[in-house]
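Visitor: Can you look at this prediction? I've put the sequence above it.
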Amino acid sequence: MRERVAAASVALLAMVLAGCAAIPSAGPVQPGEAVVAERPPDLDFLADSPLPGATQREILDGFLDAAVSPAGDYRVAREYLTPEFSDAWVPQEGATIDSLVEREVVGVDETTWRIDATPTASLRGNGQYEEPESRAAIPLEYRFTQVEGEWRISSAPPGLLIDQVSFTQVFNEYTLYFFDPTYRYFVPDVRWYAGRESAQTSIVRAMIAGPAEWLQPGVRSAFPEGVQLDPAAVPVSGRTADVSLEGAALDDILTVQRIQAQLDATLIGVRNIDSVTLSVNGADSDASSLSPEPVKTPRVDPRPVVFDGEVFGYLASSGERIVPIDGLSEQVAALTPIGAALGVGAESVALLNDAGVWVVRVDEEQTRLDTRPGLITPAIDREGVVWSVPAASPDQLVWFGPDGAPHPIQVPWSGSSIASIEVSRDGTRIVALLGDGARTHFVAASIQRDDDGLPTEALGSVPLRLADVSGTPLDVAWLDSRRVASLTALPDGTTRLVTQELGGFASERDGPAGARSIDGGNAELRVLTVDGELDAQTGVGWQVRASGIRFIAAQQPG
């Protein structure tokens, strides 16, 4: 027997939109995905206990409904389980997030049911949200046995199965902050947790455990190994969170200052927290604040950097002239570039022309770095390192340091081609847009660096999967410290823009006609068309800001 599950309850949706303080998780259903509404901050889900004489299917449906409510460590959901399995079930192990309208329930035998769940995302046990590697249905088996004459679930997959709409209503997004290797920047690490009351405790435990696996090689945490949260909760009193750490020698004032800075950056704003007190091994910390304070969102010049065939520089706000960059513009124009990236402080440029990849630095002779055929536009990072790769060989990424020597680096991605790369403004991460058959492959990876700030022999071995699209990959851009964008040409000749939060949701929209490259300013997305028009989003449409542009260059902060 195979049944398709109906979509979320219309009654539930109406109560969410009305801002009710509590909503039931069961009731009549109607076909079609519910509209995702922002959950009011004090919303609870009221789960129903199992009814006497319920069938296996009713127990299964009731369990999935009740698992939407994390109250009391999923107290009601555990009522649908046998006592033995209730003790063993750990809902915090992660989640499969699926499309409810595509969910199918199959009776396997007299005591087994299978759910075929079409994944839209997954949630790891540490709260990391990730796009699925495949959209193929995942079979999940649930076994039943009778307890005192009533059916109960005796075996189920680890963690939760939750549909995308319910996920957005039950789980909340929180941003943990770690440091770049220089401790000048905060690097965001987005996590998702269910349950309001324990959010700050989950956050601090996650900070102690360390960064997400994909991010870990490129960042630093101030929390030393062996430190523990004791007591094992973070109470909030009068809008102040109290964090008590034990178990490690924390007599280094700088380390304590950095821990306090991480806690402040992460916790302030959660559950109306506006201050954090820290005690270490039973003693209140009186460490002063870090100075200078690490930067959360490095900003670039708000003017786009463009080349019109004659002048390389900043596009004036009027869109009618280009302001040259002293010491760079003439050298860049002389090389007849077809793509470029501007380095820190506008003191260097990595560019691509018909002869290969070059670096141009103020008051220095231009240097050709890479002569391999078929190269894409290079990237340049905060340390002045130039990154280059051939379009047809995504695994042949090479970086060039100040001495100009090539350094091949291992990459965690695969694909048949690569269209674009760009390094984050804090220097800790790189995004890449690859071709992979009929679809794009959009990934982020961390950059491991040595004590001199130079990349090591490999990027982080675990990439973060981002949203993919059917079509031909064109370009990527960083919008800010936590959001990226990709541009893809679709088979029907149109283009698609994907804006993605790292560790969060992706949104898609149509690009302007003939779009071929993109640039992220300070959260502003700009698009260059094949006709040389530079477009910016205005309302729901695109407005031409300039014409006659050959290319637009990515920027690093000043």
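Guide: Nice, thanks for sending it over.

Visitor: the strands in the stretch 351-500 of the chain, which residues?
Guide: 356-361, 367-370, 379-380, 386-388, 398-400, 406-408, 417-423, 429-436, 439-449, 455-459, 464-465, 472-478, 483-489, 495-501 (DSSP state E, counting those that start in this stretch).

Visitor: Which one of the ones you listed lies nearest to Val105?
Guide: Nearest to Val105, of all these, is strand 464-465, at 27.7 Å by Cβ to Cβ. Where C-beta positions appear, they are placed from N, C-alpha and C, glycine not excepted.

Visitor: hmm, back to that, got a markdown table for the strands of the stretch 351-500 of the chain, with mean pLDDT and mean neighbour count too?
Guide: Formatted as a markdown table, those follow (pLDDT from 0 to 100; neighbours: other Cβ atoms under 10 Å):
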| stretch | mean pLDDT | mean neighbour count |
| --- | --- | --- |
| strand 356-361 | 98 | 22 |
| strand 367-370 | 98 | 17 |
| strand 379-380 | 98 | 25 |
| strand 386-388 | 98 | 25 |
| strand 398-400 | 98 | 22 |
| strand 406-408 | 98 | 13 |
| strand 417-423 | 98 | 24 |
| strand 429-436 | 97 | 25 |
| strand 439-449 | 96 | 24 |
| strand 455-459 | 97 | 17 |
| strand 464-465 | 96 | 21 |
| strand 472-478 | 98 | 24 |
| strand 483-489 | 97 | 24 |
| strand 495-501 | 96 | 21 |
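
Visitor: so which of those strands comes closest to Pro211?
Guide: Closest approach to Pro211 among those (Cβ to Cβ): strand 439-449, 8.5 Å.

Visitor: Give me the packing partners of that closest one, helices and strands only.
Guide: strand 429-436, strand 455-459, strand 464-465, strand 472-478, strand 483-489 (3 or more Cβ pairs under 8 Å, 6 or more residues apart in numbering; DSSP states H and E).

Visitor: so which of these gets nearest Ala553?
Guide: strand 472-478 (10.8 Å).

Visitor: Contact partners for Leu51?
Guide: 58, 62 (Cβ atoms under 8 Å, 6 or more residues apart in numbering).

Visitor: now do 7 Å
Guide: With contact set as Cβ atoms under 7 Å, 6 or more residues apart in numbering, Leu51 has no partners.

Visitor: in the protein, what spans have low per-residue confidence?
Guide: 1-45, 196-197 (pLDDT under 70).

Visitor: just the helices in it please.
Guide: 10-18, 56-66, 71-78, 83-88, 164-170, 199-209, 253-267, 329-334 (DSSP state H).

Visitor: tally of neighbours for Asp251?
Guide: Around Asp251 there are 9 other residues, counting by other Cβ atoms under 10 Å.

Visitor: next one: phi and psi at it?
Guide: phi -90, psi 0 (degrees, to the nearest 10).

Visitor: any idea how far it is from Ser285?
Guide: 11 Å (Cβ to Cβ, to the nearest Å).

Visitor: Save the strands of the stretch 351-500 of the chain as CSV, and put in distance to Ser221 too.
Guide: Shown next, in CSV, are the strands of the stretch 351-500 of the chain (distance: least, Cβ to Cβ, whole Å):
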stretch, distance to Ser221
strand 356-361, 33
strand 367-370, 34
strand 379-380, 26
strand 386-388, 26
strand 398-400, 25
strand 406-408, 27
strand 417-423, 21
strand 429-436, 16
strand 439-449, 13
strand 455-459, 19
strand 464-465, 18
strand 472-478, 23
strand 483-489, 23
strand 495-501, 21
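
Visitor: picking up where we left off before, between the helices and strands packed on strand 439-449, which gets nearest to Asp363?
Guide: Using Cβ to Cβ, the nearest of the helices and strands packed on strand 439-449 to Asp363 is strand 455-459, at 25.5 Å.

Visitor: Now do that closest one against strand 417-423, angle only.
Guide: 140 degrees (axes from the mean of the first three to the mean of the last three Cα atoms, to 10 degrees).

Visitor: Please save the CA atoms from strand 455-459 in CSV.
Guide: The C-alpha trace of strand 455-459 is given here as CSV (Å, rounded to 0.1, in the frame of the first residue of the first chain):
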residue,chain,number,x,y,z
PRO,A,455,47.4,29.0,1.9
THR,A,456,48.5,25.5,2.8
GLU,A,457,48.6,22.5,0.4
ALA,A,458,44.8,21.9,0.6
LEU,A,459,41.5,23.7,1.1
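
Visitor: if we can go back for a sec, so can I have a markdown table of the helices of the chain showing mean neighbour count and distance to Arg483?
Guide: Formatted as a markdown table, these follow (neighbours: other Cβ atoms under 10 Å; distance: least, Cβ to Cβ, whole Å):
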| stretch | mean neighbour count | distance to Arg483 |
| --- | --- | --- |
| helix 10-18 | 17 | 26 |
| helix 56-66 | 20 | 32 |
| helix 71-78 | 18 | 32 |
| helix 83-88 | 13 | 39 |
| helix 164-170 | 22 | 18 |
| helix 199-209 | 20 | 21 |
| helix 253-267 | 20 | 18 |
| helix 329-334 | 18 | 28 |
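
Visitor: For Val234, which of the ones you listed is the nearest?
Guide: Across these, closest to Val234 is helix 199-209 (Cβ to Cβ), at 4.4 Å.

Visitor: could you say what helices and strands that closest one packs with?
Guide: Counting contacts by 3 or more Cβ pairs under 7 Å, 6 or more residues apart in numbering; DSSP states H and E, helix 199-209 is packed against strand 171-179, strand 186-194, strand 228-229, helix 253-267.

Visitor: switch to 6 Å and redo it
Guide: If you count contacts as 3 or more Cβ pairs under 6 Å, 6 or more residues apart in numbering; DSSP states H and E, helix 199-209 packs onto strand 171-179, strand 186-194.

Visitor: Mean neighbour count added to those, as TSV?
Guide: Formatted as TSV, those follow (neighbours: other Cβ atoms under 10 Å):
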stretch	mean neighbour count
strand 171-179	21
strand 186-194	24
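
Visitor: what's the closest of the helices and strands packed on strand 439-449 to Ala316?
Guide: Closest approach to Ala316 among these is made by strand 472-478 (21.1 Å; Cβ to Cβ).

Visitor: so which of the helices of the chain comes closest to Tyr185?
Guide: Checking these against Tyr185 by Cβ to Cβ gives helix 253-267 as the closest, at 10.9 Å.

Visitor: Other residues contacting the closest one?
Guide: 176-177, 186, 200, 222, 241, 243, 250, 273, 276, 278, 285, 287, 290 (Cβ atoms under 6 Å, 6 or more residues apart in numbering).

Visitor: ok, now stretch 530-545?
Guide: Contacts of stretch 530-545 (Cβ under 6 Å, 6+ apart): 319, 512, 514, 516, 525-528, 546-549.

Visitor: Could you state which residue of the chain sits nearest its centroid?
Guide: Centroid-nearest residue in the chain, with Cα atoms, centre = their mean: Leu502, separated by 1.2 Å.

Visitor: Which of the contacts of stretch 530-545 fall in strands?
Guide: 516, 525-528, 546 (DSSP state E).

Visitor: Narrow the residues you listed to those that are buried.
Guide: 516, 525-528, 546 (16 or more other Cβ atoms under 10 Å).
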